[in-house]
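S.K.: Please find the sequence and the predicted model below.
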Amino acid sequence: MTAIAEAAPAVSTSDTLTMAGALNRALADALTEDERVLVFGEDVGTLGGVFRVTDGLAARFGEARVFDTPLAEAGIVGTAIGMAMNGLRPVVEMQFDAFAYPAFEQITSHLAKLRNRTHGRVELPIVIRIPYGGGIGGVEHHCDSSEVYYTHTAGLRVVTPSSPADAYALLRQAIDSPDPVIFLEPKRRYWEKETARLDHRGSTLDRAVVRRPGSDVTLISYGGALGTTLQVAEAAQEEGYSAEVIDLRSLSPFDLDTVAASVRRTGRAIVVHEASRFCGYGAEVAAQLSETCFHYLEAPVLRVAGFDIPYPAPNLEQHHLPGVDRILDAIERLQWDDSAPAAGGGA
Amino acid sequence: MTTTERAAASHLLPSADPLGLIAADGSPVPDPALELPDGEVLLRLYQGMVAGRRFDTQATALTKQGRLAVYPSARGQEAAEIGGILALRPQDWLFPTYRDSMAVVARGVDPVEVLTLLRGDWHCGYDPYRANVAPQCTPLATNTLHAVGFAHAARIKGEDSVSLVLLGDGATSEGDTHEALNFAAVWQAPVVFLVQNNGYAISVPLSKQTAAPSLAHKGIGYGMPSVLVDGNDAAAVHAVVEQAVARAAAGEGPTLIEAVTYRVESHTNADDASRYRDRAEVEQWLARDPIARLKHYLTGRGLLDDARQQEIDARAEAEAATLRERMNVDTELDPAELFRHVYAEPTAALRQQAAELTAELTTGNQA
């Protein structure tokens, strides 16, 4: 194998950086620490990726480990499967969410199933990075929220970070995982900055986290919509509602324990995501909460999601994506009774 | 590459007619580009084909007895199946399709484990790392990309290993085949594509599958040397695959081989081939039988006598008898296995579902 560039520290020092920068650091650290790790896809080499997530990696680690492929998504995932069967750990990029659809057969028919088909003898530690979702004014086929295609497929892990530090931790964990991981990067959060200490050792791949504690209602969200949801929690506070915000991080497996514990305390829940509502991820969360928390619920579990339409053109997307007002309206609709602590503000 | 160099790529073109070394009547056909395998290799090919056919007819019989859910026969394709496999070195890898059970067995995988898929017990019954055989692939052409990735990884790791991928004529129309040929050529990956053109993709004949002069012609568009070979001539298939493996191992990149052969049986036992082809056509191909052809050659050269023939037949018969006996044992499957290999560790939801199934089965047993 090619020589490995000089070692970078496994835990980076406290730094101000964007999510794209944090992902770049995660790839660099993984490439440094494990010579089996490879990074490839379309334009990830010399250009450094259309979002610059792989910036500088080809120059630093060489063309054998970070390289451009022909323009063919099934080819990228299919060859990654063969490479993983032969002991490597590919991290591949699908340039945009909808660009991954040509690779769907390889993902669902093989990537997700080879462990199962072979009684666990074939392990595929592959990460498929997919910039996903809207909010950046992209044209059609560049803004899909395709998460449930993957979460519906057994054998795949599906994760999505919502902050730079978590992006670093989740990607390192995803690369270390023996299971294939669909790694959804919310592109509207790529340039948000955060000062954080990058560390992946305290993180787990399949746990949700409470981003903001609250007592009146649980807002459950992830990825691109998480930022809006946190804004809603601030605004709701002014109206007298204490909202708890949960960042799911892992969409598959779903961390029911963390979510249900919160909902049993608050008695009310709203799932917020930008993907279409019908058969969307919120439907699964709502169903699981009604099955496990029914007697704790003061109101139906609501979903605030994108409309059931193809992703709209850029100048209309603000009407499709759940905004602060739409989520606040949902909180108002949760049928607060007079004895509830927030009754005054919610009337 | 300059325009002149591009135009000069005619060396990538396959021959107009399939290459062959032994004619249908068993007479030798010398070819300056191909070396006839030595007598020992020819005898191994012959024995492999006899055993392969016996395995195939046994599997077909097991289907009729309800022991197999389905079986896609490769009868008539023995030269392509065995000729290719025996050209591989131990460190090489095979990426087979659902029709290539015969090839997988020839590679050294336990026949009962090979038939686990078709019996319906599990989707792959063998350990791919034991004989370097990937799980048999049911979707068409997807295995071509796995072979390219595996071969590319071998090169990255500095390992001397070549991947041989088997696909049919129908699979050459799938997008994955084209992506695989392109990736392999761009990367100069050590991989050999062996297309078994058996005439039909279920019911659709080659003439409705492609407008190309031959399937081997598809290689030139990707910048890959291509070979058209008589797929019923085991000696010729073995010789071209061996050359392609040597090229790949020497770092000279991939080769596309089209072996022209014929599917004598229906697509599977569930298909009725009489609806889409004439008996006369089948008869014509039966006359070109790959086993009879090599037998004529070997006996004509004094390499095969009655005693040796009986020995080969007896061995194939014994293997079939053992297979029959082992397949006639009812298997006991553990339902808990359903949940064990979805992820490295079962998730909380899967543990819960496993418990639900166990409870369901316990209640059922008590009832």
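M.R.: Great, that's in hand. Note that the coordinates shown come from a computational prediction; the quantities given were computed from them, not determined experimentally.
S.K.: For the chain, which helix extends over the most residues?
M.R.: Picking chain A for this. What stands out as the longest helix in chain A, according to DSSP state H, is helix A:19-33.
S.K.: not what I meant, chain B
M.R.: For chain B, the helix reaching the highest residue count under DSSP H is reported as helix B:39-64.
S.K.: elements contacting that one?
M.R.: helix B:78-85, helix B:101-106, helix B:234-249, helix B:290-300, helix B:306-327 (3 or more Cβ pairs under 8 Å, 6 or more residues apart in numbering or on different chains; DSSP states H and E). Where C-beta positions appear, they are placed from N, C-alpha and C, glycine not excepted.
S.K.: mean confidence score for the second one?
M.R.: Spelled out, it's helix B:101-106. The average of the pLDDT scores along helix B:101-106 is 98.
S.K.: Any part of the next helix or strand after that helix near chain A?
M.R.: Going down the chain from helix B:101-106, the next helix or strand is helix B:111-114, by DSSP states H and E. No - Helix B:111-114 lies apart from chain A when judged by Cβ under 8 Å from any Cβ of the partner chain; the minimum separation is 10.8 Å.
S.K.: what's the answer for stretch B:163-178, then?
M.R.: Yes - applying Cβ under 8 Å from any Cβ, one finds stretch B:163-178 in contact with chain A at B:Ser163, B:Gly175, B:Asp176.
S.K.: give me the number of residues near the last one?
M.R.: Neighbouring residues of B:Asp176 were enumerated by other Cβ atoms under 10 Å in any protein chain shown; the total is 26.
S.K.: repeat for the second one
M.R.: The burial count assigned to B:Gly175 is 14, neighbours taken as other Cβ under 10 Å.
S.K.: Run through the strands of the chain in chain order.
M.R.: All of this refers to chain A. Ranges of strands in chain A, per DSSP state E, are A:15-18, A:37-41, A:66-68, A:89-93, A:127-132, A:157-159, A:181-186, A:193-196, A:209-212, A:217-221, A:243-247, A:250-252, A:269-276, A:302-306.
S.K.: Switch to chain B, please.
M.R.: Under DSSP E, chain B gives strands at B:93-95, B:163-168, B:191-197, B:200-201, B:204-205, B:226-230, B:255-260.
S.K.: possible to save the helices and strands packed on helix B:39-64 as JSON lines with distance to B:Leu333 and mean neighbour count?
M.R.: Shown next, in JSON lines, are these (distance: least, Cβ to Cβ, whole Å; neighbours: other Cβ atoms under 10 Å in any protein chain shown):
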{"stretch": "helix B:78-85", "distance to B:Leu333": "30", "mean neighbour count": "32"}
{"stretch": "helix B:101-106", "distance to B:Leu333": "21", "mean neighbour count": "28"}
{"stretch": "helix B:234-249", "distance to B:Leu333": "38", "mean neighbour count": "24"}
{"stretch": "helix B:290-300", "distance to B:Leu333": "37", "mean neighbour count": "21"}
{"stretch": "helix B:306-327", "distance to B:Leu333": "15", "mean neighbour count": "14"}
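S.K.: Could you export the ones you listed to CSV, including columns for distance to chain A?
M.R.: Listed next are those as CSV, based on distance: least, Cβ to the nearest Cβ, whole Å:
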stretch, distance to chain A
helix B:78-85, 19
helix B:101-106, 14
helix B:234-249, 15
helix B:290-300, 30
helix B:306-327, 19
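S.K.: I'd like to know which of those is closest to A:Ala20.
M.R.: Across the helices and strands packed on helix B:39-64, A:Ala20 has its closest neighbour in helix B:234-249 (39.2 Å, Cβ to Cβ).
S.K.: if you average pLDDT over that closest one, what comes out?
M.R.: Helix B:234-249 comes out at a mean pLDDT of 98.
S.K.: lowest-confidence helix or strand of chain B?
M.R.: helix B:3-7 (a mean of 59; mean pLDDT, DSSP states H and E).
S.K.: Format the strands of chain A as JSON lines; extra columns: distance to chain B and mean neighbour count.
M.R.: Compiled in JSON lines, the strands of chain A are given as follows (distance: least, Cβ to the nearest Cβ, whole Å; neighbours: other Cβ atoms under 10 Å in any protein chain shown):
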{"stretch": "strand A:15-18", "distance to chain B": "30", "mean neighbour count": "16"}
{"stretch": "strand A:37-41", "distance to chain B": "8", "mean neighbour count": "24"}
{"stretch": "strand A:66-68", "distance to chain B": "9", "mean neighbour count": "20"}
{"stretch": "strand A:89-93", "distance to chain B": "8", "mean neighbour count": "26"}
{"stretch": "strand A:127-132", "distance to chain B": "14", "mean neighbour count": "27"}
{"stretch": "strand A:157-159", "distance to chain B": "7", "mean neighbour count": "26"}
{"stretch": "strand A:181-186", "distance to chain B": "11", "mean neighbour count": "26"}
{"stretch": "strand A:193-196", "distance to chain B": "29", "mean neighbour count": "14"}
{"stretch": "strand A:209-212", "distance to chain B": "17", "mean neighbour count": "16"}
{"stretch": "strand A:217-221", "distance to chain B": "17", "mean neighbour count": "29"}
{"stretch": "strand A:243-247", "distance to chain B": "17", "mean neighbour count": "25"}
{"stretch": "strand A:250-252", "distance to chain B": "8", "mean neighbour count": "25"}
{"stretch": "strand A:269-276", "distance to chain B": "18", "mean neighbour count": "26"}
{"stretch": "strand A:302-306", "distance to chain B": "21", "mean neighbour count": "23"}
